[in-house]
Structures are given as structure tokens and as C-alpha cells.
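1. what follows is a protein structure lacking sequence information:
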């Protein structure tokens, strides 16, 4: 069914075209900023307000708009796994379900937000599968590493991934079309309206179709699993000197084929739909006093055709209100409260419907000067099922030299068991039962780090951390192919990251390495699906007219079982990206993911074979703006 794609000719044609691009688009070229200018990038996830990344007393990384737009075919999973602290466990290739593991913690320990709204779902063990999210309206992705329960409550033991949507800056429209291997097509449309009186509006839509790839390594390569996704988004807002208000909606829906244990084929179907309605308002009561409020409604619907449990429906209703008082030029206090109600409906849940709500109160103090930045906070969370939990955080960053800053932080976090872990039951092929006696997970983390500007072109960073988790929730094998969930009394993650980034005008080179040793302290076994080592190298040439870059991602082997008897070997892949801005209104781009067509094993599928990635995906696209 698929047409064999020939990336070699494509690469050659684009490379030849780029050779003549300077004269076409020279007027648009501009000098690239020094690499240490990245320290001025504004982030919001760590403190719930805009801060320069160089002042944040924690390790946070940013995927910017240029990177996102360089390959619009990528979903959230594929974008964030280019951070060495992130590992994505995926059950097969393109469009299959995936889970985020950040700094060696569980998938359920990563909180995923979009513009502050929680996307974590109660119908499985972690965030909404990030494969089913689209990046069409995303301007920036922030990855906060380390506990963040003070700011966001439950689920943020390992860290936070936040998607920040675009606010239109000028009126206009654009359309993007992409074609790739395996009969992969994607179309994106956007339209913006911006007025002089502060009003703005934006609409967007996208459609993705692909034949997909095989799921298991013992399948023939023509045994593919297709993926079909479509969605839309809309936002309206108003801003003036003292008021910011917006309301947005984003919806994605689709269907993917996956492996059917009963037939041994990729003929099972999963239908999905997720929708987020998010409203935000901030009003400056005085020059130093701001009142902000947010209300969001998020639904996640999944239905597996011909499956005994039937549909899974989750709805999160969340409200947050806070007051920020900058009582001196260097100091501010943030006081707020969050209410969250989660509903879960499924035939495989006790009484077919369960819900849980929690009410949190948080207080945070910040001090910021030229050399010293501190952050101290506390949160009390009253959970309907598990009572009140109090968590705290203290962090400091100090500029010991003009080119050297160090930071340290300590923070506690918690995660309440999901409704699935508590009440799920399935009498199917692999019976699974919830455990209503589960205890909440609790953690405490310690971290130190340093950031160094070596020259105007070269920077380096180093971090080391230790995370202790009490009552870690894991799968519990009951015998006779039955499983449940249980608490592990103690587990521990020891790790660190080191990075080096260089840029000289159009040329750049960055290399990053992450280490995470995750252990069950009772058995001293490694926790499953966590590579100990990840290495990433990126290099290339980029300017306003054209660019070509390559990225290497290498990971060590991983254990895929709790007894550490089954191991998936490590692997390395190389991605290639090219773009050419013909003029301010038209851009051509091409990407080859996994140029060596490496098929690596991800997880053991109960003896049926190993889940494998999708292999190479070469694509070419064009964006036209008006």
C-alpha cells in the first residue's frame, strides 16, 4: 500500500537549493546571539510567573518554537525525549501509546500541564498518553526536573512538562503540508487576528494520517498499524496595561491500530478523544498586587473496540486562584488555592463510576537580586480519600562570580493513587485488579548544580540529585497470570546531568549526558524501563535563511522486568533536519528521523515478541504564511 520514499534524492535537492539560498534571503539574515543569551529565556513553570531561566534555582530545559516548527510531524513524546533526562516507553511505533519517565521516576510521577491546566488522567497510571497530544498551537515546552508538589499538588514527584500555547502577535494566516514515508500526511492551518485595542483571536486545525509501521519485532515489516488524528484549537483574549484575560479550547480525536493478543495481528482499534477548555484572567489591583484565576475542564475518552472493559472516560474540573504581592522590589509572596475534582467512568471500575476531589493551599516566597535568587514554599493538600498532606520546598541560586552561578534545592512531593490503581478490575486475557489499600507515594529530593559561562560562545552546566520515594506503587504479580498493585516500602534514584553548549555565529554544537540509577531498596533490583545512561549530541549550521543540523541520541540497555532477568539492549539513532526560508512568506523543510533505520527493542510483550520503534521516517514539507 505504501509508496517507497527516496530520501537520498530529496536530501541532495534541498542541499543544492540551500547552496543558493543566501542571495535569495540575505536581507532576512541576522547575527546569531551568543549562546549564553539562552540564560535570558523566560520560563513560568518553576515559579508560576515569568522568570529568566538563568535565575531559576532548579534545572529546567526549554524546547523553543523554532525547534517545534522545524518538524511539525512530531508529537509531544518525540519532542521531549530529546532531553537526556526523559525516557519514553512506547508500545510500538508511530501513534502507539507512550509513557513519560523523568529522572528515573515512574510515568505517573510526571505532571503534564497545558497553560497551567492539568492533563494527567485518572483512567491509567500516568498523564494522558502524550502521543495523542498535538503541538500545533504550542509555542514552548518547559521541562522542570525535580519535585513540584508545592506549586501543583499531586503527581509532580519527578517533575513537570508544560506546554505553553501561542499568543498571536499579528494578523495573518498560514498553512503547512507534510508528506513522509509509510504514506504519512499532515496538514496544519492557522489564522490570527490582532487588533490595536488589545483584542486577539486565533483558530487552528490539523490532520495526520499514516499507514504506520509494525509493532513487534517478530512481525513482517508489512504488518503495519495505522494512525489517524485530527483536531482543532481556538483562543480569544484581551490585554491592556492592567488586565489579561483569555479562553481557549483544544480538541484532538482519532484512532490507532494496535496489537491484538487474541488474533496475533495489528487489528485491534483504540478510539480516543481529548478536549481542554481553559480560561485565565489576571488583574493588577495595584502596581505591586496581582490577582489571578484559572478554570479548566479536561476530558479524556478512550474506547477499545470489542474489548470487555469498554470505554474509559475521565473528566478533570480544576480551579485556581492566587494573589501575588511584590512588597519590595526584590521580594514577592504568592498565596493561592487549587480545587481539583476528577471523575472516572468505566465498566472495569468498581460501581462503574468513581470520583475523587482535593483542595490545596499554597504559599511561596521569592527573593531576587543581581546575585541571589531564593524560593521557599509550602503546600497543604486535603485529599478526599487520603487526608491532608503537607509538602515544602527550599531553593537558592547564587552568582558567586560574573560567569558562575550555583544552586541547591530540597523539596518533598506526593502522589495519591489513581482511581485505576485503586478500583480497576479486568477478567480478560491478563486479569488485573486494583488495590483499595494502597497508600500515597511520598518523596524527598536533594539537588545541587552549577552553571558556567566559559566564553561568549560556550556554556556548561552540571547537576546532581538524589530522590527517596516511600510507598512506590508498582505492579504486583499474583500468580496464574494475574496482577494487582502494591506499595514498595523504599526506592531511590541517584543521578545527574552534565551539558556543554557552543555557538559561533551560525555554527552550533551541544552535548548532554544524563545518569539515573533507580533502585528498589528492598530487593536492590533496578526499577524497570529506566536507562541508566543517555547521551545526546546536536550540531549544525542555522541562520535566518537556511539550516542543516543532526542529532545523535544514545541510550544504555534497560531492564524490562522487576526481577532484572530480562533486558533490552541499548541503541543509538541519528536524526537530520534541514530548512530553507525562500522568503518571509514561504519555508521548505525536510526531516529524516532515525536515518539509519535502527529498530530497537522497547518492551517485552509477554513472550509474543518485543515492542519496537517505527524505524526511519523521512518527510518533506512546506509552510506558506500570509
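-> Received the coordinates, thanks. None of these values were measured; they are calculated from a predicted model.

2. any figure for the gap between residue 130 and residue 81?
-> 10 Å (Cβ to Cβ, to the nearest Å). All C-beta atoms are positioned from the backbone trio N, CA, C, and that covers glycine.

3. name the residues contacting each of these two.
-> residue 88 (Cβ atoms under 8 Å, 6 or more residues apart in numbering).

4. neighbour count for those two, which is higher?
-> The residue with more neighbours, out of residue 130 and residue 81, is residue 130; 25 against 22, by other Cβ atoms under 10 Å.

5. excluding chain neighbours, give the residue nearest to the more buried one in space.
-> Excluding the flanking residues, the one nearest residue 130 by Cβ to Cβ, 6 or more residues apart in numbering is residue 76, at 4.0 Å.

6. which residues touch the one you found?
-> Per Cβ under 8 Å, 6+ apart, neighbours of residue 76: 112, 130, 131, 133, 135, 141, 161, 163.

7. the helices in the stretch 201-350 of the chain, which residues?
-> With DSSP state H, counting those that start in this stretch as the criterion, the stretch 201-350 of the chain has no helices.

8. low-confidence ranges in it?
-> For the stretch 201-350 of the chain, the stretches with pLDDT under 70 are 306-310.

9. rerun that using 90 as the cut-off
-> 221, 241, 260-264, 302-313, 344-350 (pLDDT under 90).

10. do the stretch 401-550 of the chain as well
-> Looking at the stretch 401-550 of the chain by pLDDT under 90, you get 416-434, 473-489, 521-523, 527-528.

11. can you give me the helices in it?
-> 419-423.

12. before we move on, the earlier item: need the max-distance pair from the contacts of residue 76.
-> The distance between the two most remote of those (Cβ to Cβ) is 14.9 Å, for 131 and 141.

13. what packs against whichever strand or helix holds residue 89?
-> Using DSSP states H and E, residue 89 falls within strand 86-90. Contacts defined by 3 or more Cβ pairs under 8 Å, 6 or more residues apart in numbering; DSSP states H and E place strand 86-90 against helix 76-80, strand 98-102, strand 601-604.

14. out of the ones you listed, which is closest to residue 433?
-> Nearest of the helices and strands packed on strand 86-90 (Cβ to Cβ): strand 98-102, 20.8 Å.

15. next, the buried residues of the closest one.
-> Neighbour counts over strand 98-102 (16 or more other Cβ atoms under 10 Å) mark 98, 99, 100, 101, 102 as buried.

16. which strand residues bridge the fourth one?
-> What that stands for is residue 101. residue 87 (DSSP bridges).

17. which SSE is the residue nearest in space to the middle of the chain in?
-> Nearest to the mean C-alpha position of the chain, counting by Cα atoms, centre = their mean, stands residue 161 at 4.5 Å. If you go by DSSP H and E, residue 161 is part of strand 159-165.

18. one more: residue 141?
-> Assigned by DSSP H and E, residue 141 falls in strand 138-145.

19. what average pLDDT does stretch 134-150 get?
-> For stretch 134-150, mean pLDDT rounds to 90.

20. may I see the buried residues of it?
-> 134-138, 140-150.

21. now do stretch 48-62
-> 48-49, 51, 53-62.

22. can you show me the helices along the stretch 1-150 of the chain?
-> Under DSSP H, counting those that start in this stretch, the stretch 1-150 of the chain gives helices at 7-19, 21-25, 65-70, 76-80, 149-152.

23. which strands and helices lie in contact with the strand or helix carrying residue 624?
-> Using DSSP H and E, residue 624 falls within strand 617-625. Under the contact definition 3+ Cβ pairs under 8 Å, 6+ apart, strand 617-625 sits against helix 7-19, strand 172-180, strand 184-194, strand 586-593.

24. any idea which of these scores lowest on pLDDT?
-> Among the helices and strands packed on strand 617-625, helix 7-19 scores lowest, at a mean of 37.

25. run a quick neighbour tally on residue 369.
-> Residue 369: 12 neighbours (other Cβ under 10 Å).

26. quick one: it from residue 289, how far?
-> 21 Å.

27. again with residue 231
-> Distance from residue 231 to residue 289, by Cβ to Cβ: 38 Å.

28. of those two, which one has the most company?
-> Neighbour comparison, residue 231 and residue 289: the larger count goes to residue 231, with 22 against 13 (by other Cβ under 10 Å).

29. enumerate every residue touching the nearest residue to that one once chain neighbours are set aside.
-> Leaving out its chain neighbours, the residue that sits closest to residue 231 by Cβ to Cβ, 6+ apart is residue 252, at 3.7 Å. By Cβ under 8 Å, 6+ apart, residue 252 lies in contact with 132, 133, 134, 229, 230, 231, 272, 273, 274, 275.

30. same deal with residue 512?
-> Residue 512 neighbours (Cβ under 8 Å, 6+ apart): 83, 84, 497, 498, 499, 500, 535, 536.

31. can you give me the strands in the stretch 201-350 of the chain?
-> Applying DSSP state E, counting those that start in this stretch to the stretch 201-350 of the chain gives strands spanning 225-239, 243-260, 265-286, 289-304, 311-325, 331-346.

32. wait, which of these is closest to residue 414?
-> That would be strand 331-346 among these, by Cβ to Cβ, at 13.8 Å.

33. and the angle from that closest one to strand 311-325?
-> Interaxial angle of strand 331-346 relative to strand 311-325 (axes from the mean of the first three to the mean of the last three Cα atoms, to 10 degrees): 170 degrees.

34. ok, how many other residues are close to residue 452?
-> Residue 452 - counted by other Cβ under 10 Å - has 16 other residues nearby.

35. in ChimeraX, select just the buried ones from the contacts of residue 252.
-> Restricted to buried positions by 16+ other Cβ under 10 Å, the ChimeraX selection for those reads:
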select :132,133,134,229,231,272,273,274,275
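
36. from the contacts of residue 252, pick the one nearest residue 578.
-> residue 134 (23.1 Å).

37. hmm, that closest one is touching residue 251, no?
-> No - contact criterion Cβ atoms under 8 Å: residue 134 and residue 251 do not qualify, at 9.6 Å.

38. what touches both of these two?
-> With Cβ under 8 Å, 6+ apart, residue 134 and residue 251 have common neighbours residue 231.

39. and the pLDDT at the residue nearest to residue 180 when sequence neighbours are not counted?
-> Using Cβ to Cβ, 6+ apart and skipping the chain neighbours, the partner closest in space to residue 180 is residue 619 (3.2 Å). According to the prediction, residue 619 has pLDDT 96.

40. list the residues that contact residue 619.
-> Per Cβ under 8 Å, 6+ apart, neighbours of residue 619: 71, 73, 178, 179, 180, 181, 184, 590, 591, 592.

41. same check, this time on residue 572
-> 552, 553, 554, 555, 598.

42. quick check: beta-bridge partners of it?
-> residue 554.

43. gap between it and residue 518?
-> From residue 572 to residue 518 the distance is 22 Å (Cβ to Cβ).

44. and residue 537, by the same measure?
-> Taking Cβ to Cβ, one finds residue 537 at 24 Å from residue 518.

45. more neighbours, these two?
-> residue 518 (26 against 17).

46. I'd assumed residue 105 was in contact with the more buried one.
-> Yes - using Cβ under 8 Å as the test, residue 518 is close enough to residue 105 to be in contact (7.5 Å).

47. which neighbours do the two have in common?
-> residue 493.

48. just the contacts of residue 252 now: which is nearest residue 265?
-> Nearest to residue 265 among the contacts of residue 252, with distances taken as Cβ to Cβ, is residue 272, at 20.5 Å.
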